[in-house]
Structure formats: structure tokens, C-alpha cells
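sharing a sequence plus its predicted fold:
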Amino acid sequence: QKEVEQNSGPLSVPEGAIASLNCTYSDRGSQSFFWYRQYSGKSPELIMSIYSNGDKEDGRFTAQLNKASQYVSLLIRDSQPSDSATYLCAVNRASNTGKLIFGQGTTLQVKP
Amino acid sequence: EPEVTQTPSHQVTQMGQEVILRCVPISNHLYFYWYRQILGQKVEFLVSFYNNEISEKSEIFDDQFSVERPDGSNFTLKIRSTKLEDSAMYFCASSDGRGDIQYFGAGTRLSVL
């Protein structure tokens, strides 16, 4: 079982639609969860962080965390072509080192 | 806005040569990390560094790798004898706390010929 699992996609949505990205993780002790956006050839850029169960909203982005189901998701409302990128789910395990475990990433394509 | 700075942006080297990748973390951050990403693959953890010592390293981080914080601002990754399979993007990251947001530098693309 992969430690952090994402559907690689591509996920294709029309401009203005809601994009839903999902991630599952295996370590029940995981405590911090992050969504990064990565454009081709670029570095990961933080979109959202979430630490407790429930929803967290920031502009067009909403992160959802369900620790019981070991599931974290990212919703992007009013998707724009500029949102086309790979979205990386990253999990910080219950350790004292800050090590992030990344998923493979989901490629999102927003079509005008 | 503070940012993590990495140099060089692209490093080309011959197999067996030593390379040093350099990073300047965000100034008030205490935790430093190196990750790598082979083309088309996921981002992989290499090493974390806190209080002037390694706090965790992955299986990838073998005896050919070392990290150093030679002064109050730089954080370096050294690969002593590069292999073809070391070709990848290497990202430096820093954070204020161990569970906190990690900010990534732009990366160094290492090409081993």
C-alpha cells in the first residue's frame, strides 16, 4: 500500500467548473496535510494546509480532511485555465522530523 | 516576501564527480530539508536538518550524500561521487516548525552525464 495515494489523472474540467482532487494516506498517526501545486518544471507551491477534521476554505480553494477515513481532498471552485497543473498531496507523519510524504500528484486540465 | 533561494538552477556534471547544491532558507526558519524529484516521478524526501544535525534521512541518502550548514544562512547538499541515477530536480525547503508549512526553493536540476 502506498503511503500517500492520488489518482494521477488527468482530470479534465471545463472553465468555471468545480475540480475535486482526492488523496488517501496510510499512516493513522499523520497530523499535518498539505496541498501543493506544481507547474511543469517548477517547484511545489503551497495551496492549502489543514490540520484538523472538517473543511478549510481559502478563496476558491477548500480543503477537506477526514482522519477516520484517512482521506483529504481539495476542491477548486470556478476553475481557471491557469489552475492547470499537477496537484500534490503531502502528509507530515507523527514524527519529530517534519518529513513530508508526497503522493504521485493529480494532473488537472482546465479547458477554456 | 521571504523565499528559499537555490543555486545553481542547473548543474551538469560527469559521473563520479562531486557536486554541491546550495540553498539559502528563509531567515527565521529552523528546519531545513532536501527533496528530490526524478523526471515524471513523485517528490521524495532525502533529509531533514535541525539544530545543526540531521534529524532524519531516507534510504536514498546514503554515504555519498552529506548536508552542511556552514554559516548562519547557507544549507548545502553534497553528492561525493555522482551516478547517472542521481539526475533529478533537487529541492530545498524550510519551515518554522517541524509540522509547519514547508516552503520550497525553485530547485536545482542536476544532470549527470
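That came in fine, so what should we check first?

near chain B, which residues of chain A show up?
Neighbours of chain B within chain A, by C-beta under 8 Å from any C-beta of the partner chain: A:31-32, A:34, A:36, A:42-46, A:49, A:51, A:88, A:90, A:92, A:95-105. C-beta here means a position set from N, CA and C on the backbone, and glycine is covered the same way.

hang on, isn't residue B:43 packed against residue A:34?
No. When contacts are counted by C-beta atoms under 8 Å, residue B:43 is not listed as touching residue A:34 (11.4 Å).

list residues touching both of these two?
Shared contacts of residue B:43 and residue A:34, defined by C-beta atoms under 8 Å, 6 or more residues apart in numbering or on different chains, are found at A:90, A:100.

part of a strand, is residue B:17?
No. Residue B:17 is assigned coil when assessed by DSSP: H, G, I helix; E, B strand; the rest coil, not a strand.

what about it, distance to chain A?
24 Å (C-beta to the nearest C-beta, to the nearest Å).

and residue B:36, by the same measure?
In terms of C-beta to the nearest C-beta, residue B:36 sits 11 Å off from chain A.

if I pick that residue, what's in contact with it?
B:43-44, B:46, B:60, B:88-91.

let me know how buried the residue lying closest to residue B:79 once chain neighbours are set aside is, in neighbour terms.
Ranked by C-beta to C-beta, 6 or more residues apart in numbering or on different chains and with sequence neighbours excluded, the top spatial neighbour of residue B:79 is residue B:19, at 5.1 Å. Using other C-beta atoms under 10 Å in any protein chain shown, residue B:19 has 19 other residues around it.
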